[in-house]
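Engineer: okay, here's the prediction I keep looking at, along with the sequence it came from:
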Amino acid sequence: MKAHVWMRSLRLSSCGCPRLAALLSALIVLSSVYAIAQVAANTDPNSADGLTISLLSLHTQYQSASPEGRKALIPQLRSLAAQRQQLLSSLIQTNPAEVLRVAIPNEVSAHMPASVQTLVEKKVQAQGALEVTMEDWKSAAKLHHYLKTSAGRFELKFASQAPKNLLTGATVQVQGVQVGNTLALTSGTSSSSLQVVSSGLTNTLGAQSTLVMLVNFQIPVSPMH
């Protein structure tokens with residue numbers, strides 16, 4: 001999606017200038033109008049691309065509308081964002097790479113109404129304890145990865161190369177796109193999306209202490225008559 005690629009190439013300044021940030025955000029949204037017009041006619045309106053294009057187009061209208069017009073557009077924005085969120089929640093389970101591709105940058109969603117922002121994915125960084133489980137079938141086995149943080153438990157979905165050498169208890173830091181309670185990550189082997197802070201393994205080499213307990217069971221014996 002060309003509009004998405006174009007928006008990704010622009011980043012808001014972190015200099016703390018609200019006017020500059022607002023101006024750049026407006027340019028990001030408005031610059032996508034031409035691209036939206038180009039691809040909308042050839043895109044399934046119910047696909048991830050189609051819903052993303054529609055949401056950005058409606059957000060562009062919201063940005064340029066009067067206060068009364070903005071108020072009227074909020075229900076439409078919420079409805080569209082909820083439909084898109086439902087699709088992405090399903091898509092992230094089977095195709096996290098697609099979710100990463102169509103993800104709306106935080107810099108854009110930050111200027112949507114607050115009630116709409118809660119329905120839009122966001123790029124996040126999180127650190128916590130890894131939990132690894134295995135789903136075992138007759139024909140194959142599948143690993144599942146979860147991240148337990150102070151904010152909750154999140155399932156990790158990898159667009160490519162899920163990690164195979166990490167165990168439950170490892171402390172990791174991840175960066176990805178959050179949709180509900182699931183995080184889409186680029187790769188399980190790339191330090192840009194997953195870093196191991198601590199393996200969480202205890203030392204099993206060298207001298208080991210062993211405790212031996214002897215238990216004496218005394219069973220009373222009845223005299224034979």
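Structural biologist: Perfect, thanks for sending it.
Engineer: mind naming the longest strand for the chain?
Structural biologist: Looking only at the chain and at elements set by DSSP state E, the strand with the highest residue count is strand 122-136.
Engineer: quick one: list the elements packing against that one.
Structural biologist: helix 106-109, strand 141-149, strand 171-179 (3 or more Cβ pairs under 8 Å, 6 or more residues apart in numbering; DSSP states H and E). Just so you know, the C-beta spots here come from the backbone N, C-alpha and C atoms, and that holds for glycine as well.
Engineer: can you point out the buried residues in the helix or strand following the first one?
Structural biologist: On the C-terminal side of helix 106-109, the nearest following helix or strand under DSSP states H and E is helix 114-117. In terms of neighbour count (16 or more other Cβ atoms under 10 Å), helix 114-117 has its buried residues at residue 116.
Engineer: report the helix or strand with the lowest average pLDDT across this structure.
Structural biologist: Evaluated with mean pLDDT, DSSP states H and E, the helix-and-strand set of the chain has its lowest mean pLDDT in helix 2-8, which scores a mean of 43.
Engineer: which stretches of the chain form helices?
Structural biologist: Taking DSSP state H as the criterion, the chain contains helices spanning 2-8, 18-30, 32-40, 48-64, 67-94, 96-102, 106-109, 114-117.
Engineer: those helices: lowest mean pLDDT?
Structural biologist: Ranked by mean pLDDT, these bottom out at helix 2-8, with a mean of 43.
Engineer: so who does the residue nearest to residue 160 when sequence neighbours are not counted touch?
Structural biologist: Nearest residue to residue 160 in three dimensions, chain neighbours excluded: residue 187, at 5.1 Å (Cβ to Cβ, 6 or more residues apart in numbering). By Cβ atoms under 8 Å, 6 or more residues apart in numbering, residue 187 lies in contact with 158-161, 193-194.
Engineer: tell me how the protein divides into domains.
Structural biologist: Each structural domain of the chain that the record assigns through automatic domain parsing is listed here as a residue range: 2-117, 122-198.
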